[in-house]
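*Asks:* coordinates for the following, if possible.
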Amino acid sequence: MKKLAPLNHLYSFVAVAETGSMTQAAEQLYVSHSAVSQAIKSLETLLGRTLFQRQGRRVVLNAAGRKYYKQIAPHLEAIVTATQQMQTTQPSQTLTLNMVNSLAMHWWIPQLHRFNQFAPQLDIRLSNLTGQFSMQQEGIDVALIHGDTQDWQDYYCEKLAPDEIVMVCTPAMAKLANSAQELLERYPAIYATNDKRKHDWQLWCEAHEAPLPKATDNLSFSASIQAVQAAIRQLGVLVTHRLFINQDVQQGLLVEVGKPIINPYQSYYFATQSDALKNENILLLRNWLRQEFSANLPAETHSELGNRV
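*Replies:* The predicted structure is shown next:
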């Protein structure tokens with residue numbers, strides 16, 4: 001078998017032929033000048049003929065070099081093009097998913113083992129940016145939005161589930177009271193005062209035709225995480241997202257009191273850049289999110305979301 005020319009020699013040859021300079025060819029290939037010079041010498045030795053001649057400061061192809069260039073350049077270009085196409089069509093196995101910290105703590109992390117079983121090949125990097133931001137500038141592939149889509153109109157948004165609000169307390173506290181009203185007479189109401197939570201008590205009380213807890217003798221926290229932990233430690237009664245306390249209820253740390261209600265002002269949404277829907281891994285993540293949220297949907301909501309594409 002005849003000895004074949006190494007690919008790096010051929011790349012050096014084409015780069016010098018197209019730039020007319022070994023220095024520029026070296027810069028283009030990210031190698032040293034001497035590496036390009038040695039590659040050309042080795043190729044000429046292998047072929048048994050010279051390929052270039054000098055014209056002042058430039059290096060130009062001679063007749064043999066021009067013939068050789070015409071024969072191999074299209075094939076090297078095809079290799080480069082095929083490689084680039086393969087790199088762009090193979091989606092990254094790493095995705096950056098953004099959600100608020102409380103949702104990550106109370107929902108994503110407890111579900112993570114289920115996602116790893118569903119898509120073991122994917123590496124999800126978690127981001128906890130809040131407010132409005134540019135996904136492209138922040139390097140976010142997918143955002144799990146808890147709110148409304150008013151600030152996300154430049155993106156593809158798909159509703160995953162409504163936001164259910166529920167009253168919770170510890171099992172021990174629930175045994176000492178026969179109703180939500182009796183619980184509130186015995187224990188403080190726990191408030192989460194951030195913008196997404198500040199109307200929870202009012203919404204829940206209006207739906208259950210119950211009086212709003214008095215402003216005095218109650219506990220207030222700025223974050224839902226803090227409020228949930230206060231409820232687990234029997235410091236009072238909390239109204240919060242049902243999704244946030246599912247795991248705590250399943251583990252017997254908290255119990256639901258009364259029926260949950262739908263928050264009319266916010267829901268859970270999947271959001272991404274429209275062109276990202278061509279990425280099969282982003283579609284895979286969307287399918288899993290659909291599946292997980294659907295498993296916890298109220299019965300009347302399934303028909304509403306059943307016609308999604």
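
*Asks:* how many residues are close by the closest residue to Asn194 other than its chain neighbours?
*Replies:* Excluding the flanking residues, the one nearest Asn194 by CB to CB, 6 or more residues apart in numbering is Ser222, at 5.9 Å. The way it works is simple: take the backbone N, C-alpha and C, and place the C-beta from them, glycine included. Residue neighbour count, defined by other CB atoms under 10 Å, stands at 12 for Ser222.

*Asks:* all strands for this structure, in order.
*Replies:* Counting by DSSP state E, residue ranges of the strands within the chain are 52-55, 58-61, 94-98, 123-127, 142-147, 156-169, 189-192, 219-221, 237-241, 255-272.

*Asks:* out of those, flag the one nearest Met22.
*Replies:* Closest approach to Met22 among the strands of the chain (CB to CB): strand 58-61, 6.2 Å.

*Asks:* the closest one pairs with which strands, and in what direction?
*Replies:* strand 52-55 (antiparallel) (DSSP bridges).

*Asks:* just the buried residues of the partner strand, please?
*Replies:* Buried residues in strand 52-55, counted by 16 or more other CB atoms under 10 Å: Phe52.

*Asks:* before we move on, back to that, pick the most deeply packed of the strands of the chain.
*Replies:* Most buried of the strands of the chain, by mean neighbour count (mean count of other CB atoms under 10 Å): strand 237-241, with a mean of 27.

*Asks:* report the rounded mean pLDDT for that one.
*Replies:* The average pLDDT for strand 237-241 rounds to 93.

*Asks:* rewinding a little: now the strands of the chain as TSV including distance to Phe133?
*Replies:* Output for these, formatted as TSV (distance: least, CB to CB, whole Å):
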stretch	distance to Phe133
strand 52-55	53
strand 58-61	51
strand 94-98	8
strand 123-127	9
strand 142-147	9
strand 156-169	15
strand 189-192	23
strand 219-221	25
strand 237-241	22
strand 255-272	11
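
*Asks:* any regions of the stretch 51-200 of the chain where pLDDT drops low?
*Replies:* Residue ranges of the stretch 51-200 of the chain with pLDDT under 70: 87-92.

*Asks:* determine the set of other helices and strands touching the longest helix along the chain.
*Replies:* For the chain, the longest helix by residue count, based on DSSP state H, is helix 63-89. In this structure, helix 63-89 packs against helix 7-19, with contacts taken as 3 or more CB pairs under 8 Å, 6 or more residues apart in numbering; DSSP states H and E.

*Asks:* in the helix it packs on, what counts as buried?
*Replies:* Buried residues in helix 7-19, defined by neighbour count with 16+ other CB under 10 Å: His9, Leu10, Tyr11, Ser12, Phe13, Val14, Ala15, Val16, Ala17, Thr19.

*Asks:* so where do the helices sit in the stretch 151-300 of the chain?
*Replies:* 171-175, 180-186, 200-207, 224-232, 242-250, 280-294, 299-305 (DSSP state H, counting those that start in this stretch).

*Asks:* so how far is the longest one off the chain centroid?
*Replies:* Pointing back at helix 280-294 there. Put simply, helix 280-294 sits 11 Å off its chain's centre (CA atoms, centre = their mean, to the nearest Å).

*Asks:* pLDDT averaged over that helix - what is it?
*Replies:* Per-residue scores along helix 280-294 average to 93.
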